[in-house]
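Engineer: A predicted structure for the sequence below; I have some questions about it.
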Amino acid sequence: MAETKSTCPYCGVGCGVVIASEGDQITGVRGDPDHPANFGRLCTKGSTLHLTASAPVTLQTRLLHPMRRAQRTEKPTRISWDDALGSASDKFAGIIQRHGPDAVGFYISGQLLTEDYYVFNKLAKGLIGTNNVDTNSRLCMSSAVAGYKLTLGADAPPACYDDVKHAQCIFIVGSNTAYAHPILFRRIEDAKASNPQLKIIFCDPRRTDTAEIADLYLAVQPGTDVMLFNGMLHIMLWEGWVRHDYINAHTTGFDELKATVRDCTPDLVAQICGIRKEDLFAAAKMFATSQATLSLYCQGLNQSTSGTAKNAALINLHLASGQIGKPGAGPFSLTGQPNAMGGREVGGLANLLSAHRDMANPQHRAEVAALWGVPSVPEKPGKTAVEMFQAAADGEIKALWIACTNPAQSMPDQTTVRRALERAEFVVVQEAFATTSSCAYADLLLPATTWGEKTGTVTNSERRISRVRPAVPKPAGTRHDWAIATEFAQRLEAVLRPGLPTLFPYSLSDEAAAVETVWNEHRESTRGRDLDITGMSYALLEASPLQWPLPSGQTVGKARLYEDGVFPTPDGKARFANTVYKPVSEPRESRYPFSLTTGRLRDQWHGMSRTGTVGRLFGHAAEPSIQMNPQDMARRLLKQGDLVHVTSKRGSIVVPVEASNEVGVSQAFMAMHWGSEYLSGCSSTGERLAGVNAITTSAYCPSSKQPELKHAAVKILKAELPWSLLGVAWLAEDEALAVREELREIMALFPFASCVPFSSNTPLAGAKGSARTGVLLRAAAYEPPPDALVQRIETLLGVAGSDALRYADKKKGQHRAMRLIRVGDAAHLDGFVLAGDTSAEAWIKTLLQDELPAQAYGRLLLVPSAKAPVAIQSRGKQVCTCFNVTDAAIQEQLATSRGNEEQRLATLQTALKCGTNCGSCVPELKRMVRIVMPLKQMA
């Protein structure tokens, strides 16, 4: 067995991993104990990475050969790389020559490596001459970029992870850190345990698991963050808690801001934000009077039409109180994606150039042109993500190149996005997984390498650059992202600049040397800039991850910025931004009375092209749903699991409703992950439904161009779909994902359908070879579909054989089929389809998923009743993914536990092992302990 150190491909914490491999197969993964981001810890997603790289997953989901469609509606056929890149270069060259360079666009990804990003940026801006290159980081971090630049002068997070243990107050705002950045949250838990005096403020419309660690929770109304921060500054001024010495010495623009916040009185702020004045005062006091205050924030501030203002208003608080440039203090933006920072460093956005240079600056453009050896780089700003797809939908952009991202799932306003993909003359999708929605729109599919196969670098939230290393050879037929872009560029430049030296002198035969050459070129572009990394080298990065800036002649990067109070602005002073509060772009009103917010699930990542291949990661949140406050559900006579129409001004979806006390009244929450790959159906006009982003808005912040994915006004009405179907079956490991893909095509034949994998969820240490995999299909319709469709579903789920028990009543549209298998002396339910009346789901699904003995039931399995003929005890809902511990087991253990909260949690962990591996479930365990304790005290 070989071991290879690399970096996790999920969130921006940037955890180090050690990959175990045998031959060409990844067999395991563990946290790297030497990596300063995680010191050996991994979350549920990171600790299951090896399962996503297994041979069955690769063979069923990976794109392994170039593919081309003769017509958009046809299935793609395999072609050679020579044909693929020849076709791509011919198409792009023709469009550029006929319509100009701005008729093409590149939409790339924060999951690319820095070297990949650099080549794409140079391809678009240096060779083609268009700034139409943007990234899904526009949906993630562009408001943070704009906020940092507006106030501090550069896109450089001034704090580091180590500041968590030095802080005396941590202000978590707009971030469900417990879910989105679990390993950083472990550090917060450690800091709180070692320093009980540490105060934690949590601000978010939803009372998520992150609230469990907070001393003060501010349940603000969606989109009101600027008013909250201005109100806190109002109190700080009134109480004399601002640092006038720091303000006078190191900042400008405070007087204008004071005039704005003067009107943000506690009464007004409390009314607009929906919080108590006393809590507002407490938050301002904790923040300003702490010896060191650290703010941690993410998409709740970024994904907003006021995203830049929200970021700047929070930074204003740090500048006003001098809470910056010292251990434990500073505004710390948590990066969403693994290399969004690296993409920003190379200028891989439509308004940036290499090394944090501004496209609007003529000197910056000249510097980059000189570095690349081109006469000039384009001055005209490029199309940002939302603008790019709107331009394609309008026919302005003729060709789109999409790499390592899935806009047909992740972009807002899917009607416009899909119209863009349909209207574009030529669409290239460069992707590792053939199962993403965007692949269906591609004229050309190019198979890229992915985690465990790639080599290069990434930069995490604390400006730390880490190496990504290959543990196994890339699959035959696939290529690295930078290599695909390089060969395409070399072919294209032969047409666009014939006879001139290549701009892409990167060897396609010696990939390791080529990647280092690309990185060295990027390194040189940073010389003298705020992110100077000329003191780094690949050799040094081989030894250890390094933080920037680290200029030539130095050996250690800076953990914290601005300790001397000097900022990268013309006068060296930070700038207060005059942040005027503006409401959300689409306020609630009588026709759309709910505020819909979106966010993450604990065990899933983005569009789930990778995490969605592992059934065990669906244990904690098994199926798509929309969460509502129980009071709102009661008023609308909605019950748990009822199907509802969720409709905005842009579209509508059908989804089950779930009661949640985390969600405020007149609000709703739906996870960002549920695209049409898992949640679909067909509208009354025959249009395929597109998942959660069918209803989100593309309205964006005017400064950052980041869309307001965190808020949309919606109406929620019960869906009257009387006929329903539930199909659940265990399937062979090497067939389950392929069956799910076939079922995905069937989903479009129903008004509502969802399809997800599931697992027997054996403890993670024994998962390989022992965990079973299954698929669950749920559908609903106005009337029974043709028998042939139900039979097709039965066949795919393996319950169509002569050995299956079955019942059918065509007149009533009722149909039930069961397949049992014998295991030793017992029989177990292996698959079933319930159609028409699915009330028996309440016990039959438990019988299958918990693998309970079923030999005593016989034909009673065909009884259409919600009550089991023999009592069945469900194992309950999974809480701990690593050890498959359910809420029922936890509650049973807590019923006999004694002591305070910490002692009961320790007893729970000792007895059941939950929360002792990755720790992702610890916040939920603490919440369960706290709920039980008052009940026992009352008893």
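Structural biologist: Everything's here; your move. Numbers count the residues shown, from 1 in each chain.

Engineer: and Lys800, what does it touch?
Structural biologist: Rather than Lys, residue 800 is Ala. By CB atoms under 8 Å, 6 or more residues apart in numbering, the contact list for Ala800 reads 791, 794, 817. From N, CA and C alone the C-beta is placed, and that goes for glycine too.

Engineer: give me the low-pLDDT residue ranges for the stretch 351-500 of the chain?
Structural biologist: Applying pLDDT under 70 to the stretch 351-500 of the chain flags no residue at all.

Engineer: and the chain, by the same measure?
Structural biologist: Across the chain (using pLDDT under 70), the flagged ranges come out as 766-770, 933-939.

Engineer: can you rerun that using 50?
Structural biologist: Where the chain drops to pLDDT under 50, the residues are 767-769, 935, 938-939.

Engineer: moving C-terminal of the longest helix seen in it, what's the next helix or strand?
Structural biologist: Longest helix in the chain by number of residues, with DSSP state H as the criterion: helix 81-99. Remark: after helix 81-99, the chain's next helix or strand is strand 104-108, criterion DSSP states H and E.

Engineer: could you list every residue that touches the spatially closest residue to Cys43 that is not a sequence neighbour?
Structural biologist: Leaving aside its sequence neighbours, Cys43 sits nearest to Pro182 (CB to CB, 6 or more residues apart in numbering; 3.8 Å). Neighbour list for Pro182: 43-44, 602, 918-920 [criterion: CB under 8 Å, 6+ apart].

Engineer: quick revisit: tell me which of the contacts of Ala800 fall in helices.
Structural biologist: In helices, judged by DSSP H, the following of the contacts of Ala800 are found: 791, 794.

Engineer: which residues in the stretch 401-550 of the chain form strands?
Structural biologist: Shown for the stretch 401-550 of the chain, the strands assigned by DSSP state E, counting those that start in this stretch span residues 426-431, 444-447, 456-459, 464-468, 546-547.

Engineer: and those strands as JSON lines, adding mean neighbour count?
Structural biologist: Converted to JSON lines, these look like this (neighbours: other CB atoms under 10 Å):
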{"stretch": "strand 426-431", "mean neighbour count": "25"}
{"stretch": "strand 444-447", "mean neighbour count": "24"}
{"stretch": "strand 456-459", "mean neighbour count": "28"}
{"stretch": "strand 464-468", "mean neighbour count": "24"}
{"stretch": "strand 546-547", "mean neighbour count": "20"}
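
Engineer: which helices and strands does the helix or strand hosting Ile247 pack with?
Structural biologist: Ile247 is part of helix 244-250, with elements assigned from DSSP H and E. Here helix 244-250 touches helix 307-321, going by 3 or more CB pairs under 8 Å, 6 or more residues apart in numbering; DSSP states H and E.

Engineer: can I assume Ser754 sits in a helix?
Structural biologist: No. Counting by DSSP: H, G, I helix; E, B strand; the rest coil, Ser754 falls outside a helix, being strand.

Engineer: so what sits opposite it in the bridge?
Structural biologist: Beta bridges link Ser754 to Leu679, Arg778 when assigned by DSSP bridges.

Engineer: what's the burial count for the residue lying closest to Thr224 once chain neighbours are set aside?
Structural biologist: Among residues not flanking Thr224 along the chain, Cys273 sits closest, at 4.5 Å (CB to CB, 6+ apart). Look at Cys273: counted by other CB atoms under 10 Å, it has 23 neighbours.

Engineer: equivalent analysis for Thr685, please.
Structural biologist: Neighbours of Thr685 under the rule other CB under 10 Å: 5.
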